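Participant: Quick one, structure for this:
(chains A, B, C and D)
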Number of protein chains: 2
Amino acid sequence: MNIGEAARRSGVSAKMIRHYETQGLVRPQRLANGYRDYAEADLAVLRFIRHARALAFPLEDVRKLLALWGDRNRASADVRRIALAHVAALESKAQAMQAMAASLRHLAAHCHGDARPDCPILDELEKSS
Amino acid sequence: MNIGEAARRSGVSAKMIRHYETQGLVRPQRLANGYRDYAEADLAVLRFIRHARALAFPLEDVRKLLALWGDRNRASADVRRIALAHVAALESKAQAMQAMAASLRHLAAHCHGDARPDCPILDELEKSS
DNA sequence: CTTGACCTTCCCATTGTGGGAATCCCCATC
DNA sequence: GATGGGGATTCCCACAATGGGAAGGTCAAG
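Facilitator: Here you go, the predicted model:
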């Protein structure tokens, strides 16, 4: 099938499908006219990528997971390790963001938020330390 | 002072100081030899930027905050609005990441993590929906 | 045979940061 | 005065993932 149909059926944009191909994640056949030709197996790969990306797995992780996915002799421990490392990264970033949000919220709570110029938010950003 | 000293004293790399200049956030004098010349006021600006970036304010927000910072007649409400919008963005992203982490953790909890190939994580990513 | 929808590749932009090259400048030492 | 080291300048490239868009080839229906 065409890239357009593959995009529709996989939920991945044609643009990104081509990109994933340059990254070696999917390898469609080529027709005589140069058009890419996707099989059902390629669709499954594209959907796999979409799900993994929806969980914010970096493409590098997706590559490893795809390799494990296709490996009949894989050990589930390998998949688990990648997933848990990703979980740790996600939680670490999420916590950092929430910490920033919390301190900003705290500052904003002490900011009048009216027409007066006094503002602890700017005071904090201004500190020389 | 030189860009090197400004970098040391502000905690912002020389590379980034130049970048912020291209973005119009800081405007040092130029000496006859073409070297940038930073005043104490420039240092304060650089530190302000560093603090704002540490709170993950996008440069576009930093630009607005700097303008308000320098405006003696600013209304604190303006600062507050920018900060709270940023807080909302941070919390939204943090929640999305934690949701992803949670669902992955859930999947990983049901993955043996041994030498067997069965793995609910891959099963999930494989789904056609 | 034209038209419109689709495909191809290639370049550019994003955001914020860093690496590195080529070139120039300043100061100190021999 | 020459040389050397450390710093300055600008410019290009890279990252990760995604999208926009141009210039051109292809196919199918009218």
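Participant: per-residue confidence averaged over the lengthiest helix in chain A?
Facilitator: Of all segments of type helix in chain A, defined using DSSP state H, the longest is helix A:76-109. Here helix A:76-109 scores 95 as its mean pLDDT.
Participant: ok, and for it, which residues are buried?
Facilitator: Within helix A:76-109, the residues scored as buried using 16 or more other CB atoms under 10 Å in any protein chain shown are A:76, A:78-80, A:82-84, A:86-87, A:89-91, A:93-94, A:97-98, A:100-101, A:104-105, A:107-108. The way it works is simple: take the backbone N, C-alpha and C, and place the C-beta from them, glycine included.
Participant: which parts of whichever helix or strand comes after it are buried?
Facilitator: Elements were assigned by DSSP states H and E; along the chain past helix A:76-109, the next helix or strand is helix A:120-126. For helix A:120-126, the neighbour count (16+ other CB under 10 Å) marks A:Pro120, A:Ile121, A:Leu122, A:Glu124, A:Leu125 as buried.
Participant: Give me the distance from helix A:120-126 to the chain's centre.
Facilitator: Centre-to-centre, helix A:120-126 and its host chain are 34 Å apart (CA atoms, centre = their mean, to the nearest Å).
Participant: on that earlier part again, relative to A:Arg30, which of the buried residues of helix A:120-126 is nearest.
Facilitator: Of all the buried residues of helix A:120-126, A:Leu125 has the smallest distance to A:Arg30: 55.1 Å, by CB to CB.
Participant: pLDDT score assigned to the closest one?
Facilitator: On the pLDDT scale, A:Leu125 gets 96.
Participant: returning to what we had before: hmm, the longest helix of chain A in reach of DNA strand C?
Facilitator: No: taking CB under 7 Å from any atom of the strand as the criterion, helix A:76-109 and DNA strand C are apart, separated by no less than 13.1 Å.
Participant: Distance check, A:Pro117 against B:Leu68.
Facilitator: When distance is defined by CB to CB, to the nearest Å, A:Pro117 is 9 Å away from B:Leu68.
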